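Student: coords please:
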Amino acid sequence: MFRFKKEERLSGRDEIKNVFSKGKRIGCRGAKLFVLKNTLPGNRICFALSKGFSGAVERNRVKRLGREAYRGFKPRIKYGYDLILLVYPDNPDRAFAGRASQLEYLFSKAGLLR
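Tutor: The predicted structure follows:
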């Protein structure tokens, strides 16, 4: 019910490598956003974690917070982009509000907010 549709997910090794290598990088403390224009009518996103997270529980929580924060911004983001949110373990604020403020900063710096 609340899952991302298949069309909204950036998956596949080649697609992800393409965004990492050719995409525009925007960073802040604890996270980095990779943005690459696509020809699709919507956005596709991938939530990636760098090495250094202690266990599966922590990794899953970080991804869950990122997905939920992204859902709040989804109506305000311009369409036609592939996005990767890369999160680092030295994130200063691991709460939902902190993740949402990080995403707002990254999306506005990338010029993706409408």
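Student: buried residues in the helix or strand hosting residue 33, which are they?
Tutor: Secondary structure here is read from DSSP states H and E; on that basis residue 33 sits in strand 31-37. Of the residues in strand 31-37, those buried by neighbour count under the rule 16 or more other CB atoms under 10 Å are 31, 32, 33, 34, 35, 36. Heads up, the C-betas are built off the backbone N, CA and C, glycines and all.
Student: check which element follows it along the chain.
Tutor: Downstream of strand 31-37, the first helix or strand assigned by DSSP H and E is strand 44-49.
Student: name the next helix or strand downstream of that next one, please.
Tutor: From strand 44-49 onward toward the C-terminus, using DSSP H and E, the following helix or strand is helix 56-73.
Student: other SSEs contacting that following helix?
Tutor: Helix 56-73 sits against strand 44-49, strand 81-87, helix 96-110, with contacts defined as 3 or more CB pairs under 8 Å, 6 or more residues apart in numbering; DSSP states H and E.
Student: next, the angle strand 31-37 makes with it.
Tutor: For helix 56-73 against strand 31-37, the angle between stretch directions is 50 degrees (axes from the mean of the first three to the mean of the last three CA atoms, to 10 degrees).
Student: got the contact list for helix 56-73?
Tutor: For helix 56-73, the external contacting residues (CB atoms under 8 Å, 6 or more residues apart in numbering) are 2, 4, 45, 47, 49, 53, 85, 87, 91, 94-96, 99-100, 102-104, 107, 113.
Student: and the angle for it with helix 96-110?
Tutor: 60 degrees.
Student: going forward, begin numbering at 126 instead of 1
Tutor: With 126 as the first residue, the last one maps to helix 181-198.
Student: in helix 181-198, what's buried?
Tutor: Judged by neighbour count using 16+ other CB under 10 Å, the buried positions of helix 181-198 are 187, 188, 190, 191, 192, 194, 195, 198.
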